[in-house]
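In: sequence first, then the predicted structure, then my questions.
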Amino acid sequence: MTEAGATKARSRDEVEIKLPADDLDGLRKKLSSLGAEAASPSHFERNDLYDDAQGRLSAAGAALRLRQTGEGAILTYKGPPRFEGGVKRREERETRVSDAGEAQAILHALGVSPSFCYEKRREEWRLGNCLVALDETPIGRFVEIEGDPAEIRRVVVSLGLDFASAIPYSYPRLYAMKRKDQPGLPKDMVFPDVNR
């Protein structure tokens, strides 16, 4: 979601698909050739997930996230995901917060603390009624397409992507799976300092 789109508190269903995307430059060129408009330039994001000591949010498939970028911070709640027609749908509530440090203190006072951190570099494009995010993460490159399911399918085809390669997992889940194969990876999905 663009920083501009987060200026007000909002609640809605998030409907999206995530696909692997090794060639972000190629996708960027394709988006431009299709007349897509840049929605936000490439930027660094730090995403901290919060949970209680028992991990109840995670166990329920929900997420409480504080996202920080150079533009500010956004607090987000995501409900458990449902999969319909190959796309992920979940309740999403979010609002911009003026002071990330105070937001962290409030969350701590409410009995939740950081449980996982993941970083990415993201740029966003608007193509038709869809928001297309190009993500570079410590575990690979991905594209996320958010919008109406029929529009998502149209954009996937327009970009020459394979709908069958959709990944039903969040970045935290993908990283947990990767850590099972590579137990030496750090607890959090973060870039080496030199790449931030």
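Out: Yes, it's here.

In: how about the helices of the chain, start to end?
Out: With helices called from DSSP state H, the chain shows them at 24-33, 56-59, 100-109, 149-158, 171-181.

In: helices or strands up against the second one?
Out: Same thing as helix 56-59. Packing partners of helix 56-59 (3 or more C-beta pairs under 8 Å, 6 or more residues apart in numbering; DSSP states H and E): strand 37-51. In this view, the C-beta of every residue, glycine as well, is placed from N, C-alpha and C.

In: circling back: for residue 45, which of the helices of the chain is the nearest?
Out: helix 171-181 (10.5 Å; C-beta to C-beta).

In: next one: the closest one to chain centre, how far?
Out: 15 Å (C-alpha atoms, centre = their mean, to the nearest Å).

In: could I get the buried residue list for it?
Out: 171, 172, 174, 175 (16 or more other C-beta atoms under 10 Å).

In: what does stretch 39-52 give?
Out: 39, 40, 45, 46, 47, 48, 49, 50, 51.

In: Throw these into JSON lines and include distance to residue 115 and pLDDT, thanks.
Out: Listed next are those as JSON lines, based on distance: C-beta to C-beta, whole Å; pLDDT from 0 to 100:
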{"residue": "39", "distance to residue 115": "29", "pLDDT": "96"}
{"residue": "40", "distance to residue 115": "27", "pLDDT": "95"}
{"residue": "45", "distance to residue 115": "17", "pLDDT": "97"}
{"residue": "46", "distance to residue 115": "14", "pLDDT": "97"}
{"residue": "47", "distance to residue 115": "12", "pLDDT": "98"}
{"residue": "48", "distance to residue 115": "8", "pLDDT": "98"}
{"residue": "49", "distance to residue 115": "5", "pLDDT": "98"}
{"residue": "50", "distance to residue 115": "6", "pLDDT": "98"}
{"residue": "51", "distance to residue 115": "4", "pLDDT": "98"}
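
In: what is the nearest of those residues to residue 141?
Out: Distances from residue 141 to these, taken by C-beta to C-beta, are shortest for residue 45, at 14.6 Å.

In: what's the distance between the closest one and residue 109?
Out: Going from residue 45 to residue 109 by C-beta to C-beta, to the nearest Å gives 25 Å.

In: same question, residue 185
Out: 31 Å.

In: circling back to that earlier point, closest one to residue 91 among the helices of the chain?
Out: Between these, helix 56-59 lies closest to residue 91; by C-beta to C-beta that is 13.0 Å.

In: need the residues that contact the closest one.
Out: 49, 50, 51, 63, 64, 112, 115 (C-beta atoms under 8 Å, 6 or more residues apart in numbering).

In: give the contact list for the second one.
Out: The contact partners of residue 50, by C-beta under 8 Å, 6+ apart, come to 57, 64, 65, 66, 107, 112, 113, 114, 115.

In: cool, the last one as well?
Out: With contacts taken as C-beta under 8 Å, 6+ apart, residue 115 has the following neighbours: 49, 50, 51, 55, 58.

In: any chance of a markdown table for those, columns distance to residue 157?
Out: Shown next, in a markdown table, are the contacts of residue 115 (distance: C-beta to C-beta, whole Å):
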| residue | distance to residue 157 |
| --- | --- |
| 49 | 33 |
| 50 | 37 |
| 51 | 38 |
| 55 | 39 |
| 58 | 34 |
